[in-house]
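*Asks:* kindly return the folded structure for what I paste below:
(one chain, ligands or ions: 1)
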Amino acid sequence: NKWVTVSAGLVTLASLYSAVKASTKLSTLSPPRHSVAELIGNTPMVKIESLSKATGCEVYAKMELSNPGGSAKDRVALGIIRAAERQGLLRPGSPDVVFEGTSGSTGISIATICNALGYKAHISLPDDTSIEKLSLLESLGAQINKVRPAGIVDPEQYVNAAQKACDNLNNTQQTEARGVFADQFENDANWRVHFNGTGPEIYKQLNGRIDAFIAGCGTGGTIAGVSKYLHGKLGAKLKVVLADPQGSGFYNRIKFGVMYDRVEQEGTRRRHQVDTIVEGIGLNRLTHNFNQGEAYIDDAVRVTDGQAIRMAKYLSVNDGLFIGSSTAINAVAAVKVAETLKPGSRIVLIACDSGSRHLSKFWKEALKVDAGIQLQEVLQEV
Ligand code: PMP
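*Replies:* The predicted model follows:
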């Protein structure tokens with residue numbers, strides 16, 4: 001009888017404990033939002049256990065892939081659209097159109113947010129854009145303008161094509177719709193969303209204790225905005241490291257001060273010859289966002305395609321973290337940076353988008369990697 005009473009007591013205690021635990025979890029849920037646009041930002045942060053254990057540092061991923069449009073570009077698209085509304089260039093309730101030239105996540109974010117806010121999206125892209133991104137844009141109902149791949153000096157290049165399509169709409173009298181060119185490379189709203197959102201969130205989520213921040217550079221908006229915010233808070237204590245894929249010029253720029261600025265490159269200079277499977281980062285020109293955001297960058301790490309592919313598989317198998325190519329580049333850089341820091345240091349990297357955006361190219365290669373791969377093998381220089 002005594003045992004019955006004791007075990008009944010234990011059962012009651014256990015159920016009380018799980019009820020309290022469940023209610024604590026529930027109390028952290030946020031209230032309903034009024035639009036998908038309000039779901040953007042405030043992304044979670046996760047500790048990457050496998051890399052933390054292996055390096056002796058605490059390695060965290062800022063989960064930008066949790067945004068409703070699947071990447072950090074939701075913040076940028078929303079920031080650009082809101083800035084255009086404030087300037088009266090986009091009119092809520094109108095059939096206005098947002099134009100952008102992009103082969104990447106920004107188009108998907110613009111299309112998503114345009115749907116949420118009642119605008120139309122018009123995306124120009126090279127005709128070799130990956131099938132999953134194209135299908136997504138089609139599914140989101142964006143108007144798509146495919147152009148042949150071309151250099152930035154070519155008027156038919158997709159960014160220039162987007163600008164031209166926007167001008168065409170604004171020059172016609174046949175419709176009341178007006179167009180806005182999002183222009184993520186040159187638009188200040190880009191780095192500002194990271195300065196005002198991503199940066200402060202990272203700082204708060206880690207209670208201000210951060211030793212290193214790692215991101216790649218496409219438009220430069222993320223690394224410029226976040227590094228500027230964190231530098232303001234932490235000063236020289238913080239190490240900001242740019243993770244660069246093979247063939248990109250940022251690494252040389254940071255390490256040796258040699259990279260062609262945009263004007264010079266448009267003239268006669270040679271392009272870098274090595275290509276990469278990685279999408280979204282790694283260019284050979286400095287953008288307005290990189291410069292205007294005053295990126296505080298201490299160092300750069302170059303990562304090979306092989307390392308990125310193997311890292312993606314490693315994190316999927318060991319941590320359940322299913323990432324895209326630019327995130328994999330950041331994760332490899334994080335391990336290399338950890339070697340230069342004291343044990344216990346905290347490293348934050350941006351997890352830009354999910355592996356599902358990269359199935360046809362990057363993950364086709366990652367699939368071939370042995371599931372039992374060790375971290376030393378991931379880091380081999382090939
Ligand atoms: N990762 C992915 C998948 C991207 O699409 C981009 C943006 N092109 C980046 C990283 C780099 O971000 P940013 O443009 O802010 O430099």
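*Asks:* for the helix or strand that S52 is a member of, packing partners?
*Replies:* Here S52 sits within helix 49-55, counting by DSSP states H and E. Packing partners of helix 49-55 (3 or more Cβ pairs under 8 Å, 6 or more residues apart in numbering; DSSP states H and E): strand 58-63, helix 305-319, helix 325-338, helix 375-378. Glycine gets a C-beta too; all of them are placed from N, C-alpha and C.
*Asks:* redo that, cut-off 6 Å
*Replies:* Packing partners of helix 49-55 (3 or more Cβ pairs under 6 Å, 6 or more residues apart in numbering; DSSP states H and E): strand 58-63.
*Asks:* any idea which helix or strand comes after the strand it packs on?
*Replies:* Moving toward the C-terminus from strand 58-63, the next helix or strand (DSSP H and E) is helix 73-86.
*Asks:* and the contacts of that following helix?
*Replies:* Residues outside helix 73-86 that contact it (Cβ atoms under 6 Å, 6 or more residues apart in numbering): 37, 40-41, 67, 90, 105-106, 109-110, 113, 180, 182, 184, 187, 189-190, 193, 197.
*Asks:* N318 contacts I48, correct?
*Replies:* No - using Cβ atoms under 6 Å, N318 is not in contact with I48, being 8.8 Å away.
*Asks:* and the two? Which one has more around it.
*Replies:* I48 (23 against 17; other Cβ atoms under 10 Å).
*Asks:* low-confidence ranges, the stretch 201-350 of the chain, go.
*Replies:* The model of the stretch 201-350 of the chain has pLDDT under 70 over residues 258-273, 284-286, 292-293.
*Asks:* around the ligand, which positions in it sit nearby?
*Replies:* The interface of the stretch 201-350 of the chain toward the ligand, taken as Cβ under 6 Å from any ligand atom, is made up of G216, C217, G218, T219, G220, G221, T222, I223, G280, I281, G324, S326.
*Asks:* how about a cut-off of 5 Å?
*Replies:* Selection of the stretch 201-350 of the chain residues close to the ligand by Cβ under 5 Å from any ligand atom yields C217, G218, T219, G220, G221, T222, G280, I281, S326.
*Asks:* dump these to TSV, plus distance to A333, secondary structure and neighbour count.
*Replies:* Putting these into TSV (distance: Cβ to Cβ, whole Å; DSSP: H, G, I helix; E, B strand; the rest coil; neighbours: other Cβ atoms under 10 Å) gives the following:
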residue	distance to A333	secondary structure	neighbour count
C217	12	coil	30
G218	15	coil	27
T219	19	coil	27
G220	16	coil	28
G221	18	helix	35
T222	14	helix	32
G280	15	coil	26
I281	11	coil	27
S326	11	helix	31
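*Asks:* how many other residues sit next to E377?
*Replies:* E377 has 13 neighbouring residues, counting by other Cβ under 10 Å.
*Asks:* mind checking how far it is from S325?
*Replies:* 19 Å (Cβ to Cβ, to the nearest Å).
*Asks:* got the contact list for M311?
*Replies:* A328, A331, V332, V378.
*Asks:* contacts for the helix holding S52 next, please.
*Replies:* E58, V59, N318, D319, V335, A338, L375.
*Asks:* rerun that using 7 Å as the cut-off
*Replies:* Helix 49-55 is contacted from outside by E58, V59, L315, N318, D319, A331, A334, V335, A338, L375, using Cβ atoms under 7 Å, 6 or more residues apart in numbering.
*Asks:* going by neighbour count, which of the residues you listed comes out on top?
*Replies:* Busiest of the contacts of helix 49-55 [other Cβ under 10 Å] is A331, holding 30 neighbours.
*Asks:* before I go, just wanted to say thanks for your time.
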